[in-house]
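Chemist: Give me a 3D structure for the following:
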Amino acid sequence: SSGINAEYGGPDGKPIVGPDGKPLKAGLGPDPSDLKTLMGPPETDKNGNLLGPDGKPILDENGNPINNAGKPYVGPDGSLYGPDGKPLLGPDGKPLKAGMDKNGNPLFDKDGNLLGPDGKPLLGPDGKPLNQGAIGPDGKVFGSDGKPICDKDGNPVKAALGAPLKDANGNLLG
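Modeler: Predicted coordinates:
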C-alpha cells in the first residue's frame, strides 16, 4: 500500500536531510486511493457538513455544503459504517454490506436505494431503505439519487476520510 509523504522541515524551514543527502519524509498513512484500506468515517464540521481534504466544507454544484446525515461510509469490501465508525446493522442486527461495481463504487437502484450484493435494497436498523446517499471507499460522495455529487465544475466531490480504522491491538481493519 502506498503512502502520502511529507518532508520533515528543520527550524530554519529547510528540509532535514538524511545521510544520503535526500530530504527525510514522513509517511502520513495509507493513501485513500488504495481501496484496500478501510479508512475512518468522513470528516465533518460541527453541523455535520462533509469536509474536503483542505478541511473546508465541500460544496455541491449550487455552492451548498453537503451534509453527512444518513450517508453511510462504504468500506472497500462493501461493509457499511455509521458516522461513529461502527458497523451499520440491518433490522436483524447483522452488519450490512453494499454491492459494489467493478470500480469499487457502491451500487444503487433507480430510486437511489443502496443495494446489497444480492441486488436488493438494503434496510437500515429501522427497517427503512438506505436512500440518503453514501460515501464511497475513496471518499466519493453519492447523493440521494445514487449518483456522485459534483462541484460547480462538474467534478465528483470527495470527502476527507478519517484515519484508518484499527482494532484494539492496533491492526488495520478491512
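Chemist: quick one, what contacts the spatially most central residue of the chain?
Modeler: Nearest to the geometric centre of the chain sits G139, at 3.5 Å (Cα atoms, centre = their mean). G139 makes contact with 32, 39, 42, 158-161 under the criterion Cβ atoms under 8 Å, 6 or more residues apart in numbering. The C-beta positions use only the backbone N, C-alpha and C, and glycine is treated the same way.
Chemist: which stretches of this structure form strands?
Modeler: For the chain, the strands defined by DSSP state E cover 3-7, 25-30, 40-42, 73-74, 80-81, 134-135, 141-142, 161-162.
Chemist: Need the mean per-residue confidence for the longest one.
Modeler: The reference is to strand 25-30. Mean pLDDT, strand 25-30: 43.
Chemist: where are the low-confidence patches of the protein?
Modeler: 1-37, 165-168, 170-174 (pLDDT under 70).
Chemist: before we move on, back to that, from the contacts of G139, pick the one nearest P148.
Modeler: Using Cβ to Cβ, K158 is the member of the contacts of G139 that lies nearest P148, at 9.3 Å.
Chemist: what's the closest non-adjacent residue to the residue nearest to the centre of the chain?
Modeler: The shortest distance from G139 to any non-neighbouring residue, by Cβ to Cβ, 6 or more residues apart in numbering, is to K158 (4.0 Å).
Chemist: and that neighbour, how many neighbours?
Modeler: Using other Cβ atoms under 10 Å, K158 has 22 other residues around it.
Chemist: how close does the residue nearest to the centre of the chain sit to D126?
Modeler: Between G139 and D126 the distance is 26 Å, computed by Cβ to Cβ, to the nearest Å.
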